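what follows is a predicted protein model with its sequence.
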Amino acid sequence: MSERVLMITGASRGIGAATARAAAAAGYRLVLTARSADALSALVDELGPETALALPCDVTDYANLTEAVQHAEDRFGRLDAVFANAGTSLHTSFLGNGGAEPEQWRDMVLTNVYGAAITARAALPALARTEGHLLLTGSNAGRGIRPGNLYSATKWAVTGMAQNIRAECVGTGVRVTLIQPGMVETEMTEDTQDVPKLNAEDIANAALYALQQPPTVDVNELIIRPTGQQR
């Protein structure tokens with residue numbers, strides 16, 4: 001097959017699902033991963049089984065991720081791009097002023113940091129074979145101070161991770177893009193009212209912009225805020 005192949009983690013909703021729809025419209029073949037098999041199946045039904053492959057996957061499980069990459073190559077013959085997009089968010093306070101209990105923090109840190117890291121590790125050998133493209137979902141929150149906010153700290157980690165991966169990939173032909181959204185209207189932000197928000201489709205458009213650049217252009221960082229967001 002000559003069509004480019006894109007794998008997306010966290011593909012069942014929000015930014016991941018919006019990117020899948022945009023990429024399918026642009027002619028990509030898709031490998032869609034998420035923990036929810038039902039939501040993935042519905043998205044594959046929408047996009048068509050000839051276009052998309054659903055692979056239920058836990059991004060904190062390295063064996064799951066390596067199997068997903070192998071399935072992608074077995075099904076489509078190649079893997080051209082991977083969007084490490086899976087993530088979650090909690091309200092936290094280190095002083096104990098409300099928010100989630102520390103027992104709940106573990107899954108967020110593992111998903112946002114370890115999950116992104118092992119997605120990259122599982123995918124990069126395949127991407128090096130195609131001189132492909134790794135994209136990671138960071139956050140505007142990973143660029144500034146957010147008092148008590150552990151989610152922000154996990155995205156600081158992704159910012160540094162993307163830069164270090166890009167540095168290691170110099171000379172391989174692999175491009176690395178960190179996408180850093182501001183507030184986006186998703187399930188993670190539905191309790192945040194009366195502030196400007198982007199749509200998931202806005203971030204999907206940014207991902208496609210980076211993906212569709214010529215091989216000589218490596219878009220390393222994209223910061224996208226809704227108009228009027230203060231920080």
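Good, I have the coordinates. Here the structure is a predicted model, which is why all the values come from computation and not from measurement.

quick one: residues contacting Leu55.
Listed by CB atoms under 8 Å, 6 or more residues apart in numbering, the contact partners of Leu55 are 31-33, 40, 67-68, 71. In short, each C-beta sits where N, CA and C put it, glycine included.

and for Tyr209, the neighbour number?
Using other CB atoms under 10 Å, the number of residues around Tyr209 comes to 13.

hmm, it is touching Val219, no?
Yes - the criterion here is CB atoms under 8 Å, and Tyr209 meets it with Val219 at 7.3 Å.

circling back to that earlier point, which of the contacts of Leu55 are buried?
For the contacts of Leu55, a neighbour count by 16 or more other CB atoms under 10 Å gives the buried set as 31-33, 40, 68, 71.

so which of those are in helices?
40, 68, 71 (DSSP state H).

downstream neighbour of the lowest-mean-pLDDT helix or strand in the chain in the secondary structure list?
Between all helices and strands in the chain, the lowest mean by mean pLDDT, DSSP states H and E belongs to helix 37-47, at a mean of 93. The first helix or strand that comes after helix 37-47 along the chain, using DSSP states H and E, is strand 52-56.

enumerate the positions of that next one that are buried.
52-56.

ok, the closest residue to Met183 other than its chain neighbours - how many residues close by?
Closest residue in space to Met183, ignoring its immediate chain neighbours: Lys197 at 4.7 Å, by CB to CB, 6 or more residues apart in numbering. When neighbours are defined as other CB under 10 Å, Lys197 has 19 of them.

can you pull the contacts of Lys197?
Lys197 sits next to 183-185, 189, 226 when contact means CB under 8 Å, 6+ apart.

and of these, the nearest to Asn85?
Asn85 lies nearest to Val184 out of the contacts of Lys197, by CB to CB, at 11.7 Å.

ok, now how distant is the residue nearest to the closest one when sequence neighbours are not counted from Ala26?
For Val184, ignoring the flanking residues on the chain, the nearest one in space by CB to CB, 6+ apart is Leu198 at 4.7 Å. Between Leu198 and Ala26 the computed distance is 20 Å (CB to CB, to the nearest Å).

more neighbours, these two?
Set side by side, Leu198 and Ala26 show more neighbours around Leu198, with 22 against 13, by other CB under 10 Å.

how close does that one get to Leu30?
In terms of CB to CB, Leu198 sits 22 Å off from Leu30.

with Ala22 instead?
11 Å.

same question, Glu221
Relative to Leu30, and taking CB to CB, Glu221 is found at 24 Å.

who has more neighbours out of those two?
Leu30 (25 against 16).
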